[in-house]
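In: okay, predicted coordinates and the sequence, questions at the end:
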Amino acid sequence: MDAIKLYKSLGAWVEVTTLVIPTLNDTEEEFRGIAEFIKSVGVDIPWHISQFYPAYKLTNLPPTPVTTLREARGIGLDVGLRYVYEGNVPGEGGENTYCYRCGELLIRRYGFQILENKIRDSRCPSCGARIDGIL
C-alpha cells in the first residue's frame, strides 16, 4: 500500500489488481476497504478484480464466481472509482472501459484484445470528459 502511494506521488501510472479467492478475500467488507483505499490515493487508478482458478497448491477451492466479481466491481464504482474491471472472464462485459461522466462505452475488449477504441485526444467523444491513462 505504501508503494502504491509512493508511485502515485512520483507521477507513475498505477493500476491495482486483486485476485479474488473464494472464502479467503471475497467479502463485501474487504472489497469496500480496497476500493476506499484506492480512492484515497486517486479515483483515476484502475482496479482489476480477477477471477481465481484452482491451481498448484490451492486446488481445494472453486473458481471465483462471476457474480462475486460483479459485486466487487459494483462496490468499486459505488465508492467512486472511475475504472473498475473484471479480469480473467473474457466476454462478460466487465472488461470494457466506460466514461465515468456519461457512461459511454469507450473501449470494447475481449480478453486482452481491443475491439474498439472511441477515445480521441484523451477525451470521451460523447461528453468531452478527460479520460485518464497512458495513450
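Out: That came in fine, so what should we check first? If you're wondering where the values come from, they're calculated on a predicted model, not measured in any experiment.
In: show me what contacts residue 36?
Out: When contacts are counted by Cβ atoms under 8 Å, 6 or more residues apart in numbering, residue 36 touches residue 79. Every C-beta, even on glycine, is put in place using the N, C-alpha and C of the backbone.
In: wait, is it part of a helix?
Out: Yes - secondary structure of residue 36 (DSSP: H, G, I helix; E, B strand; the rest coil): part of a helix.
In: give me the mean pLDDT for stretch 68-88.
Out: When pLDDT is averaged along stretch 68-88, the result is 97.
In: ranges for the helices of this protein?
Out: 2-9, 28-41, 66-79 (DSSP state H).
In: redo these as TSV? Include distance to residue 60.
Out: Converted to TSV, the helices of the chain look like this (distance: least, Cβ to Cβ, whole Å):
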stretch	distance to residue 60
helix 2-9	31
helix 28-41	20
helix 66-79	17
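In: and residue 93, which of the ones you listed is closest to it?
Out: Closest to residue 93 of these is helix 66-79 (Cβ to Cβ; 9.1 Å).
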